[in-house]
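Novice: sequence unavailable; structure follows:
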């Protein structure tokens, strides 16, 4: 049985506490999927709201400072949209419907299938607290964290040191429909 919906894009979340390796793992999975010719979109949650894509001195920055609610920068190979408004995750997923995979870093409370990054034993509490957890990507050995009673869910353990294996496992889960 597959954890994915019948239609694409497939969505997987990479969640965890700060400094557990979420960005590194997300980039590694994206790289593996992209190298196979899959069309991948990435969504990153910035819980501190301190990112800035357009930099002071650029035309896009000037347009935003002048009061534009949305600034679009387009070139032959890229398109960037900066909107000065919050966007619901579901709306962004709908916007990205033409992709094979959407990998979401963060948005812990969303109910999509997710892997929890575990660097220390205290990180294990997320597994029981969150919806949709299908696996754990751990810095700790499996025998340390997968003993009965430590994790109450039936999930798959992956080593943080094997991102290619994780990506291949995601594709195998997709074939398990």
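Specialist: Received, thanks. Everything quoted here is computed from the prediction, not taken from an experiment.

Novice: from here on, just use CA atoms for contacts and neighbour counts.
Specialist: Fine.

Novice: what ranges do the helices span in the protein?
Specialist: For the chain, helices defined by DSSP state H occupy the ranges 22-35, 59-65, 89-95, 125-129, 142-145, 163-175.

Novice: quick check: which of those helices is nearest to residue 109?
Specialist: Closest to residue 109 of the helices of the chain, according to CA to CA: helix 125-129, at 9.3 Å.

Novice: which residues are contacting the closest one?
Specialist: Applying CA atoms under 8 Å, 6 or more residues apart in numbering, the external contacts of helix 125-129 come out as 16, 116, 133, 136, 151-153.

Novice: same question for stretch 17-37.
Specialist: So stretch 17-37 is contacted by 14-16, 39-40, 42, 103, 105, 117-119, 123, 160, 163-164, 166-167 (CA under 8 Å, 6+ apart).

Novice: so which residue is smack in the middle of this structure?
Specialist: residue 104 (2.3 Å; CA atoms, centre = their mean).

Novice: ok, the nearest residue to residue 11 once chain neighbours are set aside - contacts?
Specialist: The shortest distance from residue 11 to any non-neighbouring residue, by CA to CA, 6 or more residues apart in numbering, is to residue 102 (4.8 Å). Neighbour list for residue 102: 9-12, 40-43, 93, 96 [criterion: CA under 8 Å, 6+ apart].

Novice: residues near residue 107, how many?
Specialist: By other CA atoms under 10 Å, 18 other residues sit near residue 107.

Novice: now do residue 22
Specialist: That count, for residue 22 with other CA under 10 Å as the rule, works out to 25.

Novice: again, but for residue 156
Specialist: Neighbour number of residue 156 under other CA under 10 Å is 13.

Novice: and what of residue 35?
Specialist: Using other CA under 10 Å, residue 35 is surrounded by 10 other residues.

Novice: what pLDDT does it get?
Specialist: Note on residue 35: pLDDT of 95.

Novice: what does residue 66 give?
Specialist: 89.

Novice: ok, back up a step: which of the contacts of residue 102 tops the neighbour count?
Specialist: In terms of neighbours by other CA under 10 Å, the contacts of residue 102 top out with residue 12 at 23 neighbours.

Novice: so what's it up against?
Specialist: By CA under 8 Å, 6+ apart, the contact list for residue 12 reads 101-104, 112-115.

Novice: can we see that at 7 Å?
Specialist: Applying CA atoms under 7 Å, 6 or more residues apart in numbering to residue 12 gives the contacts 102-104, 112-114.

Novice: and the closest residue to residue 54 other than its chain neighbours, how far is that from residue 77?
Specialist: Nearest non-adjacent residue to residue 54, counting by CA to CA, 6+ apart: residue 61, 5.4 Å away. Going from residue 61 to residue 77 by CA to CA, to the nearest Å gives 20 Å.
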